[in-house]
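Chemist: Need coordinates for the below:
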Amino acid sequence: MDLLPLFSTLPQHQILSRLIWMRWIAILAQLLVIAVVHFTLDVGLSAGALKSLFGVIGVLAVFNLLSWRRTRRVRPAGDLELFVQLLADVTSLSLLLYFSGGATNPFVSFYLPALAVAAAILPWRLAFVLALYAFASYSLLTYVYQPLHIHDSSRGMAYHLAGMWVNFAVSAALITWFVTRISANLRQREAQLGQARERQLQGERMVALGAQAASAAHEMGTPLATIAVIAGELRNEARQSPALAAYGADLALIEQQIGLCKNALERMRVDAEPQAALGPHALKEWLAKFIEAWRLRYPAVKLSLTLPEQDGKSSQVQVLGQVLLTLLDNAARAVAANGGRIQVTLTFAGASALIRVQDDGAGIAAELLPRLGYQPVASSAVDGKGIGLLLAFENARQIGAEIRLSTPSAGTGTIADFTLELA
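Modeler: Modelled structure (predicted):
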């Protein structure tokens, strides 16, 4: 039987859990010290004192069990509740010291770990109140306590020094353990907050870019319609005029490119309505159709597609199309100068799919690779600004996918790996 789940606590109770474990350690140490003093040292503890000491320890153990049950609740422990926890520790220590020599007990410095913990986790007002309470208890114990009876008075100082040594070792260990764990939690939380702020800034940047794209698309609608009408009229005239007949193929190409622009604007409208493309799509069939449609954008680029025998489905084909369009366009611009090739490969591994876009262009400079996809980057090689990759990386992050860019060596092209989870 696995006992770990019985002692596990909810994440919001990490500090309370640390206090509970510290208290268990203190209870075991107290029982050990009482046993050593009573059975091995020449120090007399009356039956009444032993009964009182065990009674205080028993109450503290019950309080710790109730605190452990408290960690099973969802509501996190607040500052006042943590203050009560430490107040119980200081009170129990004061009672134990009262029945065992008061301020003359070498373990009187055990007040310090509780105060160090309070300074680390409580607001300064509550920590100050606990410090005053501990100071008052210490002061009272210098006058009011049940004295210890050491039969061999010549060894009293040796016992006291040994107790102080143990006190220092245990106190230093507890303080170091607790404070380092709390500091580690705080550093982890700060790192998470930093990542959240970075994601928020990237999200705001994406929203701004999206607004600019929507505005540009709206402004392009009318000029594209005008160009389409003029191109159509010119093509009709080319059929009737021998002087313009030589430009017929060029005019047809212009109309084709205008159609691609209109399709891109239409995709923006469809992408704004995710319900229009709900449901998983077979990736092999979808990718083959997507590549055939993309060839119209760069008919001169040599592109080959490799598909596996097995197939998988994805419900994120809208985002996949946006990301893949950016990766393919970048690859096409990279190979335009040297007439290279683009290789697109689809593979499956478990519950994920990998689409690799590899070109044999000039590659990406090593100093640009860490920045691409995270900030706009000017690139003289393709005359771009990196905004397309910025949007592609953000779209991938939105669906839990990942893009990795690499250039094996200078002049060997670029590899873009896009990994996404299957539906």
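
Chemist: Near Asn330, how many other residues are there?
Modeler: The number of residues packed around Asn330, counting by other Cβ atoms under 10 Å, is 24. (Each C-beta comes from the backbone N, C-alpha and C, glycine too.)

Chemist: could you say which helix or strand contains it?
Modeler: Using DSSP states H and E, Asn330 sits within helix 317-335.

Chemist: Just list what the helix or strand just after that helix packs against, helices and strands only.
Modeler: For helix 317-335, the following helix or strand on the C-terminal side (DSSP H and E) is strand 341-349. For strand 341-349, the contact count by 3 or more Cβ pairs under 8 Å, 6 or more residues apart in numbering; DSSP states H and E identifies helix 283-294, strand 302-306, helix 317-335, strand 352-359 as packing neighbours.

Chemist: so what strands line up beside the helix or strand just after the shortest one?
Modeler: So that's strand 302-306. Using DSSP H and E, the helix or strand that follows strand 302-306 in sequence is strand 313-314. When pairs are called by DSSP bridges, strand 313-314 turns out to pair with strand 281-282 (antiparallel).

Chemist: quick one: average pLDDT of the partner strand?
Modeler: Averaged across strand 281-282, pLDDT comes to 86.

Chemist: Can you tell me what sits against it?
Modeler: With Cβ atoms under 8 Å, 6 or more residues apart in numbering as the test, strand 281-282 has contacts from Asp311, Gly312, Lys313, Ser314, Ser315, Val317.

Chemist: okay if I get those residues as TSV plus pLDDT?
Modeler: Compiled in TSV, the contacts of strand 281-282 are given as follows (pLDDT from 0 to 100):
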residue	pLDDT
Asp311	88
Gly312	88
Lys313	88
Ser314	87
Ser315	83
Val317	84
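
Chemist: Check the residues you listed and tell me the two furthest apart.
Modeler: Pairwise distances across those (Cβ to Cβ) peak at 14.5 Å, for the pair Asp311 and Ser315.

Chemist: Neighbour count for the two, which is higher?
Modeler: Ser315 (17 against 14).

Chemist: tell me which of the contacts of strand 281-282 is nearest to Ile355?
Modeler: Closest approach to Ile355 among those (Cβ to Cβ): Ser314, at 10.3 Å.

Chemist: how about that closest one, what does it touch?
Modeler: Pro280, His281, Leu283, Trp286, Leu320, Ala353, Leu420, Leu422, Ala423.

Chemist: Would you mark the buried spots in stretch 123-143?
Modeler: Applying a neighbour-count criterion of 16 or more other Cβ atoms under 10 Å, one finds Leu126, Ala127, Leu130, Ala131, Tyr133, Ala134, Ser137, Tyr138, Leu141 buried in stretch 123-143.

Chemist: Skipping adjacent residues, who's closest to the second one in space?
Modeler: Ranked by Cβ to Cβ, 6 or more residues apart in numbering and with sequence neighbours excluded, the top spatial neighbour of Ala127 is Ala118, at 4.4 Å.

Chemist: per-residue confidence at the one you found?
Modeler: pLDDT recorded at Ala118 is 87.

Chemist: That one sits in which helix or strand?
Modeler: Ala118 is part of helix 111-121 when elements are defined by DSSP H and E.

Chemist: Show me which positions of that helix end up buried.
Modeler: If you call a residue buried by 16+ other Cβ under 10 Å, then helix 111-121 has these buried ones: Tyr111, Leu112, Pro113, Ala114, Leu115, Ala116, Val117, Ala118, Ala120, Ile121.

Chemist: who's Ile403 bridged to?
Modeler: The partner residues for Ile403, given DSSP bridges, come to Phe418.

Chemist: mind checking how far it is from Leu115?
Modeler: To Leu115, Ile403 is 51 Å away according to Cβ to Cβ, to the nearest Å.

Chemist: do Arg72 as well
Modeler: In terms of Cβ to Cβ, Arg72 sits 29 Å off from Leu115.
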